[in-house]
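S.K.: Here is a sequence together with a model predicted from it:
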Amino acid sequence: MPGHERLSYGLAILSAFQYLMRRYPNVFAIGQGLWSPWYVGNTMADLDKEFGSRRVIDTPVSEFACTSAAVGAAICGYRPIVIHPRIDFMLYAVDSIVNQAAKWRHMFGGRSSAPVTVRGIINRGGEQGAQHSQSLHSWFAHIPGLRVVMPATPGDARDLLIASVLCDDPVLYVDDRWLYDETAELAPIVETDLRSEGPMVRRVGRDATLVGAGYSAYLCERAAEQLAADGIECEVVDLRVINPLQTEVLVESVQRTGRLVVVDGDWSSCGLAGETIASVAESVDPEVWRAKPVRLTLPDAPAPTSSALEQSYYPRASDVYSVVHSLLKPSPHETPLRRDGRPVRVTR
Amino acid sequence: MMTLTTSAALSVNSMPKPDQPREHRHTLGLLADPDALHDPLDIRGSDPLWLSTALRGMWLIRRVEESIADMVAAKQVQCPCHLAIGQEAVAVGVARSVEPGDRIFGAHRSHAHFLSLGGNPFELFAEVLGREQGCSRGMGGSMHLTDPYHGLLGTVPLVAATIPIAVGAGLAAQMDGNSRVAVSFFGDGAAEEGVFHESMNFAASMRLPVVFVCENNLFSSHLHISLRQPSDCIARYALAHGMPGSTVDGNDVWAVAQAASQAFMRARRGDGPSLLEAVTYRWRGHVGHREDIDVGVQRKGDLARWKKRDPIDRLACAMVQQGWLDAEQLNQVNREVDAEVNDARLRATQAAFPPASSLLGLVYSS
């Protein structure tokens, strides 16, 4: 179609930066590695050349100070985007994000706000281990005042980044390097209001509702394709914005399917999967359920390095596929099993 | 640098115990000696008109803080209040260099910063009382003050947290290209947080227009600096971070004003940040109204001597000596300030609480 272009997830992020920085002079980018973008894949290639080193700021090794500096600039009218090439390192800046930006509007009675966008990149796999693998989006989604966005598609990677930066609230935008090579045909950019963005049905189905955010939503779609070949029609809901979590779409879907599988690339304890199931459970009648809801998450262990262990650590589309099959062919004594033979955690 | 020749700077209570030796060098000399610097200020060659304003400003802070202390004692004020009685000269001295458009950030002990910049005492009283007409609409209390009109963009109690935020305001000012300055007020305890050093390094390497103001009152919440740092001088960090550093008597408003002026001019010229250390002492506890005991630490002996370095008395005496002020004028100022403070306090106690809608209505933009 005219005006459409095929873009990878990574290049879609780049196009969002280009759009924002060309159109809005108060947008700037700050973080480590921005002048040598191997840190961030192709998502910021040559931005420093187009916009100069004053608007694309490569910083000292100081996550806390640099994130708070962006918060300070946001308070003064700028729209900074702070880049953390690995979320693990972003934890140095938790005070900036959780104590400061998220609360600034509320604790000053609405007289001031800190509309900063913090971009945290999930960068895992490849035997990187416990401190180079984390996502932790559930932690941040716990915080009132902080919007948390997890794009699963190239279109969302571009459009939700733009919406995040234009939003008057602080936003944590979490993108996933495992998605950078996924491509899609994208329509020309239309600015949207992040406040009205929320969960979206990616695929319609009647047998079960599969839910995920970011890469987990991608896994749900892949699993749904495989299940369709077996004659099982799954509905896939991509959460997109995990805080504040809008639950209407989820509830409506489960009302029809009666089965719910939530996939999350984070731990289960106090996590997004549990929160999703709880918020649906509070809103549907008990007789709606045709099976116990299931959460498929990371095992409760730090990320391993050895590839042998890493193989079973991250949920895969085939795990989702197996779980849905188990749900649809329940035997009274059988608990669904993961690929590695461990039982899937089942939540009532 | 002066060398301390007396051990009187430390009370017995705050000295390291023999079984817990800690490395410490007294490098502040007389500035940290409670028996020194009791005389009237040397204000020859100063600005008499501004000093009159400064005196009134310090008296306003003192009276507001004492009123808040009374309200805390009476349990009329519930929120944690960290009072700046004894430290008035730092806020007032720095405020002399603040111009419209400058951005100022404070910390937990920031009533004085709010008032010195021109903040309305009624809004401060209303805020600590949790009323809707407070400077933060009753949502912040004592530790979260804001007054954008006068340049105070925020004060927060997380130690050192606003230092990098002020650096960001400096970054914004540099991008604006309008010679505005960002100011960060913090205490000696904040210099022990890593982000202080990250912020100094970042500001210096980017040559940002930031004035770092350390109010060194020699105590964190409960530990004397000799138990926390190998030296009592915070300005020593300026050297490491490639910026000018100066240490002044923080109870000498004219000395503070002059040092601040140098730092502001450097920032406005585009030459980068400075660190200004003002040595002072708080008369009340870390938090609350009491002066006899401070989170388990008794400072009675030191406090009585530090009170002789009263920043207000020293200025008032000097101005009387110079013939710039007489006793009657002084009384007149005090009466006017007292009336203003009493009126503001009374009106604040009668103000309305925030509506229930504030609780959820202010979490996100609407």
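M.R.: Arrived safely. Quick caveat: nothing in here was measured; it's all calculated off a predicted structure. Numbering: from 1, shown residues only, chains lettered A, B, ... in the order given.
S.K.: Could you list the low-pLDDT ranges of the stretch 1-150 of chain B?
M.R.: For the stretch 1-150 of chain B, the stretches with pLDDT under 70 are B:1-21.
S.K.: What strand or helix carries the closest residue to chain A within it?
M.R.: Closest contact between the stretch 1-150 of chain B and chain A, by C-beta to the nearest C-beta, is at B:Arg137 (2.6 Å). Quick note: C-beta positions are derived from backbone N, CA and C, even for glycine. Assigned by DSSP states H and E, B:Arg137 falls within no helix or strand.
S.K.: can you pull the contacts of it?
M.R.: A:108-111, B:354, B:358, B:362 (C-beta atoms under 8 Å, 6 or more residues apart in numbering or on different chains).
S.K.: mind checking how far the residue lying closest to A:Met44 once chain neighbours are set aside is from A:Ser306?
M.R.: Once flanking residues are discounted, A:Met44 sits nearest to A:Pro37: 4.8 Å by C-beta to C-beta, 6 or more residues apart in numbering or on different chains. Per C-beta to C-beta, to the nearest Å, A:Pro37 is found 30 Å from A:Ser306.
S.K.: Those two: which has the busier surroundings?
M.R.: A:Pro37 (20 against 10; other C-beta atoms under 10 Å in any protein chain shown).
S.K.: how far away is the more buried one from chain B?
M.R.: 20 Å (C-beta to the nearest C-beta, to the nearest Å).
S.K.: Tell me who's in contact with that residue.
M.R.: A:43-47.
S.K.: count of neighbours near A:Lys103?
M.R.: Neighbours of A:Lys103 (other C-beta under 10 Å): 21.
S.K.: That one touches A:Gly145, doesn't it?
M.R.: Yes. Between A:Lys103 and A:Gly145 there is a contact under C-beta atoms under 8 Å: 5.7 Å.
S.K.: Quick one: residues contacting B:Ile68.
M.R.: B:77, B:81, B:83, B:111, B:125, B:128, B:142, B:289.
S.K.: And for the fourth one, the neighbour number?
M.R.: Applying other C-beta under 10 Å, we find 29 other residues in the vicinity of B:His111.
S.K.: how about the helices in the stretch 201-348 of chain A?
M.R.: Taking DSSP state H, counting those that start in this stretch as the test, the helices found in the stretch 201-348 of chain A are A:215-229, A:248-257, A:272-281, A:307-313, A:317-328.
S.K.: Please render those helices as TSV that adds distance to A:Pro188 to the earlier fields.
M.R.: Shown next, in TSV, are these (distance: least, C-beta to C-beta, whole Å):
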stretch	distance to A:Pro188
helix A:215-229	24
helix A:248-257	26
helix A:272-281	32
helix A:307-313	40
helix A:317-328	31
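S.K.: Tell me the residues of the stretch 201-348 of chain A that contact chain B?
M.R.: A:Pro244 (C-beta under 8 Å from any C-beta of the partner chain).
S.K.: Which residue ranges of the stretch 51-200 of chain A form strands?
M.R.: Counting by DSSP state E, counting those that start in this stretch, the stretch 51-200 of chain A has strands at residues A:56-58, A:79-84, A:117-122, A:147-149, A:171-176, A:183-186, A:200-203.
S.K.: Alpha carbons only: can I get the third one in CSV?
M.R.: What follows is the C-alpha trace of strand A:117-122 in CSV, where atoms were taken according to Å, rounded to 0.1, in the frame of the first residue of the first chain:
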residue,chain,number,x,y,z
THR,A,117,10.7,8.0,28.9
VAL,A,118,13.0,5.4,30.2
ARG,A,119,13.8,2.7,27.6
GLY,A,120,14.9,-0.5,29.2
ILE,A,121,16.2,-3.2,26.9
ILE,A,122,15.8,-6.9,27.7
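S.K.: now it and strand A:79-84, what's the angle there?
M.R.: Our comparison of strand A:117-122 with strand A:79-84, counting by axes from the mean of the first three to the mean of the last three C-alpha atoms, to 10 degrees, yields an angle of 20 degrees.
S.K.: quick one: average pLDDT of strand A:117-122?
M.R.: On average, the pLDDT along strand A:117-122 is 98.
S.K.: Repeat that for stretch A:305-317.
M.R.: In this model, stretch A:305-317 has a mean pLDDT of 95.
S.K.: That stretch spans what distance, first to last residue?
M.R.: 21 Å (C-alpha to C-alpha, to the nearest Å).
S.K.: Just the buried residues of that stretch, please?
M.R.: In terms of neighbour count (16 or more other C-beta atoms under 10 Å in any protein chain shown), stretch A:305-317 has its buried residues at A:310, A:312-317.
S.K.: which residues sit against it?
M.R.: Residues contacting stretch A:305-317 (C-beta under 8 Å, 6+ apart): A:124-125, A:127-130, A:216, A:219, A:222-223, A:226, A:263-265, A:296-299, A:301, A:303-304, A:338-340, A:342.
S.K.: Please compute how far that stretch lies from its chain's middle.
M.R.: 20 Å (C-alpha atoms, centre = their mean, to the nearest Å).
S.K.: if I pick B:His82, what's in contact with it?
M.R.: B:108-109, B:142-143, B:157, B:286-287 are the contacts of B:His82 under C-beta under 8 Å, 6+ apart.
S.K.: One more: B:Ala255?
M.R.: B:41, B:93, B:248-249 are the contacts of B:Ala255 under C-beta under 8 Å, 6+ apart.
S.K.: Tell me where the stretch 151-300 of chain B has helices.
M.R.: Going by DSSP H, counting those that start in this stretch, the stretch 151-300 of chain B shows helices at B:162-176, B:194-205, B:236-240, B:253-268, B:300-306.
S.K.: a markdown table please, covering these and showing mean pLDDT and distance to B:Thr53.
M.R.: Output for those, formatted as a markdown table (pLDDT from 0 to 100; distance: least, C-beta to C-beta, whole Å):
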| stretch | mean pLDDT | distance to B:Thr53 |
| --- | --- | --- |
| helix B:162-176 | 98 | 25 |
| helix B:194-205 | 98 | 30 |
| helix B:236-240 | 97 | 29 |
| helix B:253-268 | 98 | 10 |
| helix B:300-306 | 89 | 25 |
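S.K.: Which of the helices and strands in chain A ranks last by mean pLDDT?
M.R.: In chain A, no helix or strand scores lower on mean pLDDT, DSSP states H and E than helix A:307-313, which sits at a mean of 94.
S.K.: Up against chain B, what does the stretch 1-150 of chain A have?
M.R.: A:28, A:54, A:59-60, A:62, A:64-78, A:80, A:95-96, A:99-100, A:104-113, A:115, A:144-145, A:147.
S.K.: ok, of the residues you listed, which come out buried?
M.R.: Counted by 16+ other C-beta under 10 Å, the residues of the stretch 1-150 of chain A next to chain B give A:28, A:59, A:62, A:64-76, A:78, A:80, A:95-96, A:99-100, A:104-113, A:115, A:145, A:147 as buried.
S.K.: Need the distance between the two termini of stretch B:135-142.
M.R.: Using C-alpha to C-alpha, first and last residues of stretch B:135-142 are 10 Å apart.
S.K.: just to revisit the earlier point, taking the contacts of B:Ile68, tell me the two that lie furthest apart.
M.R.: B:Phe125 and B:His289 (14.9 Å; C-beta to C-beta).
S.K.: before we move on, back to that, neighbour-wise, which one of the contacts of B:His82 leads?
M.R.: That'd be B:Ser142 among the contacts of B:His82, by other C-beta under 10 Å, with 29 neighbours.
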